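Q: Quick one, structure for this:
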Amino acid sequence: GGGTCTAADFVGYLRRYAARFALDVRLNQRVSRARRAPGGGWVVTTESGATLLGQHLVVASGKHARAVRPPGVMEALAGFQGEVLHSTEARGLASLAMRR
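A: So this is what the prediction gives:
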């Protein structure tokens, strides 16, 4: 334990996680807008015009990318009591252990 994982290890982990929980993961989708849904959850509009509804929203532009947050996300989180981090701000998995 405690070692680093390769990019391939991490991608494999994410794929297994998504399969285990039957998550509808959309890759390579450029989001033009994300907003809170009236009854909870999120309404996301992609640049292609698709509208997606979800209980949770993960903005995953990459650890080595510049921080990009879709328009409306930070405003929608104004009442959120937890910490909001972009992946470029995370300092390893250990720093995120036991957090929800």
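
Q: going forward, measure contacts between C-alpha atoms and count neighbours the same way
A: OK.

Q: what secondary structure does the residue nearest to the spatial centre of the chain sit in?
A: With distances taken as Cα atoms, centre = their mean, Val58 lies nearest the centre of the chain, 1.7 Å away. Using DSSP: H, G, I helix; E, B strand; the rest coil, the structure places Val58 in coil.

Q: With Thr4 as the reference, measure out to it.
A: 23 Å (Cα to Cα, to the nearest Å).

Q: Next: Val11.
A: Val11 is 13 Å from Thr4, by Cα to Cα.

Q: before we move on, what about His56?
A: Noted for His56: a distance of 28 Å to Thr4, by Cα to Cα.

Q: Tell me where the model's unsure across the chain.
A: Applying pLDDT under 70 to the chain flags residues 1-3, 60-66, 87, 90-93, 95-100.

Q: could you pull out the strands for it?
A: Along the chain, counting by DSSP state E, strands occupy 31-36, 42-46, 51-54.

Q: among those, which is nearest Ala78?
A: Minimum separation from Ala78 across the strands of the chain (Cα to Cα) falls at strand 31-36, 10.8 Å.

Q: got the CA coordinates for that closest one in CSV?
A: The C-alpha coordinates for strand 31-36 follow below in CSV (Å, rounded to 0.1, in the frame of the first residue of the first chain):
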residue,chain,number,x,y,z
VAL,A,31,-20.3,20.7,-21.0
SER,A,32,-21.7,24.1,-22.0
ARG,A,33,-23.8,24.5,-18.8
ALA,A,34,-24.5,22.8,-15.5
ARG,A,35,-27.2,23.9,-13.1
ARG,A,36,-29.1,22.5,-10.1
